[in-house]
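Colleague: quick one, what's the 3D model for this:
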Amino acid sequence: MTSRQSEGHDLNPEGSVAGMEWFEELYGNTGIKIRVREKMVDFHSRYQHIQVFDTYDFGRMLVLDGKIQLTERDEPFYHEMLVHVPMFSHPSPRKVLIVGGGDGGSLREVLKHDVDEVVVVELDEEVVRVSREFIGIDRGAFDDPRVTLLIEDGIEFVRNAGERFDVMIVDGTDPNPYSEHIISEEFYGMCRKISEIFATQSQSPFVQQDYFSTMLGNISRVMDVRVYVNFVPTYPLGLWSYMLHSPSFPDLEELRRRFEERKVEVVHYNPELHVASFALPEWLKRVVEKALEG
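Modeller: Residues are numbered from 1 along each chain as shown. Purely as a prediction, here's the structure:
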């Protein structure tokens, strides 16, 4: 996957052109092009290239290594489905672990439930700093006294964790050298030991089918999971996937009861969408079956 901006000069090593009018992310022979008002942040942290743009149609946009991570306009589409599907699958989640999620969107959504404790483990502290300073989708969530933010490698935290969590959520970045280990069978096996319900984002099964299949193959060797999908406009061709391990899958009536009881304010998620997201198209069913057979 490569990205570039269509105006300006100064090609950087990742293949991006530093321009001020358009941002373009390419995946294969297709892509998305978004007009920007201003480039607000552009630097390399210890781990990745971090950029923030102010766009005309999507608000502020976080980009890591040339790949769109979120925009203000459609980030609830992603964060609400990543968080509320596992959270509402649990009858009463009190203790939650988030690996990744330095932008604060997943944390914001978790705190809408009546939880006692949330631990966020983020590798790159610069993602947290930039997101809080220039985007602010956490809406103060990092300041909540129930939250513990740890800047460290997620796999090391999980390996050494001496506690269990009701729900664990992996809100990782696009594939890069630092994220490869958190899609390993070893990592998933450790996650299974410390969590009752486990959920992870799993990229686009249409554009990134090999990566999706690798994730599903690795995770299915240590825990049973179900795949669910959702539409996120600024992600590769709009289709995004998630994987959920849960001891039970509440029906629509129970989800409606829990939704009403917890009074969670949402932009995108609802119990009907929760149930419908597990209905996969035929081509994706075949991808899933092949990955599980392999």
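
Colleague: can you name every helix or strand that the helix ranked longest in the chain contacts?
Modeller: Across the chain, the longest stretch assigned as helix under DSSP state H is helix 75-89. If contacts are counted by 3 or more CB pairs under 8 Å, 6 or more residues apart in numbering; DSSP states H and E, helix 75-89 sits against helix 105-110, strand 165-171, strand 195-201, strand 226-231, strand 239-245, helix 252-262, helix 271-276. For every residue, glycine as well, the C-beta is placed using N, CA and C.

Colleague: for those, which one sits closest to residue 153?
Modeller: Counting by CB to CB, residue 153 lies closest to strand 165-171 out of these; the figure is 13.0 Å.

Colleague: sorry, back to before: and the longest helix of the chain with strand 195-201, angle?
Modeller: Helix 75-89 runs at 160 degrees relative to strand 195-201, counting by axes from the mean of the first three to the mean of the last three CA atoms, to 10 degrees.

Colleague: gap between the two ends of stretch 151-170?
Modeller: 15 Å (CA to CA, to the nearest Å).

Colleague: may I see the buried residues of that stretch?
Modeller: If you call a residue buried by 16 or more other CB atoms under 10 Å, then stretch 151-170 has these buried ones: 153-155, 157-158, 161, 165-170.

Colleague: I'd like those residues as CSV, with pLDDT and distance to residue 267 appended.
Modeller: Formatted as CSV, the buried residues of stretch 151-170 follow (pLDDT from 0 to 100; distance: CB to CB, whole Å):
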residue, pLDDT, distance to residue 267
153, 95, 32
154, 95, 27
155, 94, 32
157, 97, 30
158, 97, 30
161, 96, 32
165, 98, 26
166, 98, 24
167, 98, 21
168, 98, 24
169, 98, 18
170, 98, 22
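
Colleague: middle-most residue in the chain, spatially?
Modeller: Nearest to the mean C-alpha position of the chain, by CA atoms, centre = their mean, lies residue 171 at 3.7 Å.

Colleague: look up how far residue 120 lies from the spatially closest residue to it that is not a sequence neighbour.
Modeller: Once flanking residues are discounted, residue 171 sits nearest to residue 101: 3.7 Å by CB to CB, 6 or more residues apart in numbering. Applying CB to CB, to the nearest Å, the value for residue 101 to residue 120 is 6 Å.
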